[in-house]
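1. what would the 3D arrangement of this be:
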Amino acid sequence: MTDFVQVSTATETREQAVKLAESVVRARLAAGAQVVGPVTSVFWHLGEFGTGEEWQLLLKTSSERYPALEEHLVEHHPWDKPEVVAIPITAGSPPYLRWVEDSTAPSRNP
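-> This next block holds a predicted model:
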């Protein structure tokens, strides 16, 4: 079975997060997405300390599809330098992981 990752990013609004989620799932770059929020972020940006409210987007995909997913997120994200990070999924139920693999198979892409 393929290796899998959970990819996260964040947006300023729920609508932006849902729009990104829909675009990557429709393109079969991710099998599924959860939009979580609002969450409070604490960060440095352009040399200034800040806090803000964001909407987190969690995506499940195969390691093979990650480069295309990252490219899509960076291209369609409203921010210039969005967070796009992948964390390996070290274990999961076999039927779920098969679903992720099947849902993101390049041969099934439109």
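
2. from Gln16, how far out is Glu71?
-> Applying Cβ to Cβ, to the nearest Å, the value for Glu71 to Gln16 is 18 Å. No exception for glycine: its C-beta is placed from N, CA and C like everyone else's.

3. more crowded one of those two?
-> When Glu71 and Gln16 are compared for neighbours, Gln16 comes out ahead with 19 against 12, by other Cβ atoms under 10 Å.

4. does that one lie in a helix or a strand, and which?
-> Element membership for Gln16, per DSSP states H and E: helix 14-26.

5. looking at His45 now. What's its pLDDT?
-> Looking at His45, its pLDDT reads 88.

6. can you pull up the bridge partners for it?
-> His45 has these beta-bridge partners by DSSP bridges: Glu48.

7. check contacts around the spatially closest residue to Val100 that is not a sequence neighbour.
-> Excluding its sequence neighbours, the residue lying closest to Val100 (Cβ to Cβ, 6 or more residues apart in numbering) is Ala31, at 4.2 Å. Shown in contact with Ala31 (Cβ atoms under 8 Å, 6 or more residues apart in numbering): Val25, Lys60, Thr61, Trp99, Val100, Ser103, Thr104.

8. widest-spaced pair of those residues?
-> For these, the maximum inter-member distance is 12.6 Å, found between Val25 and Trp99 (Cβ to Cβ).

9. the helix or strand where Pro67 lies to helix 14-26, inter-axis angle?
-> Using DSSP H and E, the element containing Pro67 is helix 66-76. Using axes from the mean of the first three to the mean of the last three Cα atoms, to 10 degrees, the direction of helix 66-76 lies 140 degrees away from that of helix 14-26.

10. list the buried residues in the very next helix or strand once past helix 66-76.
-> Using DSSP H and E, the helix or strand that directly follows helix 66-76 along the chain is strand 85-89. Within strand 85-89, the residues scored as buried using 16 or more other Cβ atoms under 10 Å are Ala86, Ile89.
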